[in-house]
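Trainee: everything below, folded, please.
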Amino acid sequence: MKITIDDLSSGDVIKLLEEHLADMYATSPPESVHALDVDKLKSPDITFFSGWFDGNLQGCLAVKKLDSSHLELKSMRTSTSARKSGVATKLLQHALNFAAEQGYQKVSLETGSQAYFEPARNLYEKFGFSYCGPFSDYLEDPHSRFMTISLSERVLMAKN
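Mentor: Below is the predicted model of the structure:
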């Protein structure tokens, strides 16, 4: 799979993001949906990645700069045809490598508390993310789970 920084102009990418937003609104109350639309993902503080295999979009993920040492994962989505094929693992690894290469020390995320989001939470836990309280502009919400990882701790885990 080739993962690249994406300008969000591809119809395939836009369609995948629209599916993502539709699922978020179908599984969470509107006030608890924190997924960003295409216009907001084009913000200069966001880097958007798409993953492709043989010309087919496999998934996407964005990272948002919160400050000089802290990134947030946003809009992680695997295409329906690529589910359970390791795409999410590859995208997450790519984002964490990008964060480390750019000198960030911490990566955090918000995901849902519902059963629909359990596979995502399991993946984040597998990578060493731990649960935390709200960060940035988030507030405590029974429909949200917040997770974070220290990249320096992750490097130490990888060496052991």
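Trainee: how near is the closest residue to G112 other than its chain neighbours to T78?
Mentor: Among residues not flanking G112 along the chain, S28 sits closest, at 5.5 Å (CB to CB, 6 or more residues apart in numbering). Bear in mind the C-beta positions are built from the backbone N, C-alpha and C, glycine included. Using CB to CB, to the nearest Å, S28 is found at 18 Å from T78.
Trainee: and the pLDDT for A82?
Mentor: On pLDDT, A82 comes in at 75.
Trainee: go ahead and confirm it touches D54.
Mentor: No: contact between A82 and D54 fails when scored by CB atoms under 8 Å: they sit 11.3 Å apart.
Trainee: may I ask you to name the longest helix in the protein?
Mentor: Here the longest helix in the chain is taken by residue count, with DSSP state H as the criterion, and it is helix 11-27.
Trainee: list of residues touching it?
Mentor: By CB atoms under 8 Å, 6 or more residues apart in numbering, the surrounding residues in contact with helix 11-27 are 6, 8, 33, 35, 37-38, 41, 50, 56-57, 59-60, 75, 77, 79-80, 112, 114, 116-117.
Trainee: just how off-centre is the next helix or strand after it within its chain?
Mentor: Scanning the chain past helix 11-27 towards its C-terminal end, the next helix or strand to appear is helix 38-41 (assignment: DSSP states H and E). Shown here is helix 38-41, whose average C-alpha point lies 14 Å from the average C-alpha point of the whole chain (CA atoms, centre = their mean, to the nearest Å).
Trainee: could I get the CA-only coordinates of stretch 62-76 as PDB?
Mentor: Taking C-alpha atoms only, stretch 62-76 is exported to PDB below (Å, rounded to 0.1, in the frame of the first residue of the first chain):
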ATOM      1  CA  ALA A  62      -5.500  12.800   9.200                       C
ATOM      2  CA  VAL A  63      -3.300  14.400  11.900                       C
ATOM      3  CA  LYS A  64      -4.000  17.800  13.400                       C
ATOM      4  CA  LYS A  65      -1.300  19.900  15.000                       C
ATOM      5  CA  LEU A  66      -2.400  20.900  18.500                       C
ATOM      6  CA  ASP A  67       0.900  22.500  19.500                       C
ATOM      7  CA  SER A  68       4.600  22.000  18.800                       C
ATOM      8  CA  SER A  69       4.700  18.700  20.700                       C
ATOM      9  CA  HIS A  70       1.200  17.300  20.400                       C
ATOM     10  CA  LEU A  71      -0.700  15.900  17.400                       C
ATOM     11  CA  GLU A  72      -4.300  14.600  17.200                       C
ATOM     12  CA  LEU A  73      -5.400  11.700  15.000                       C
ATOM     13  CA  LYS A  74      -8.500  12.500  13.000                       C
ATOM     14  CA  SER A  75     -10.800  10.900  10.400                       C
ATOM     15  CA  MET A  76      -9.200   7.400  10.300                       C
END
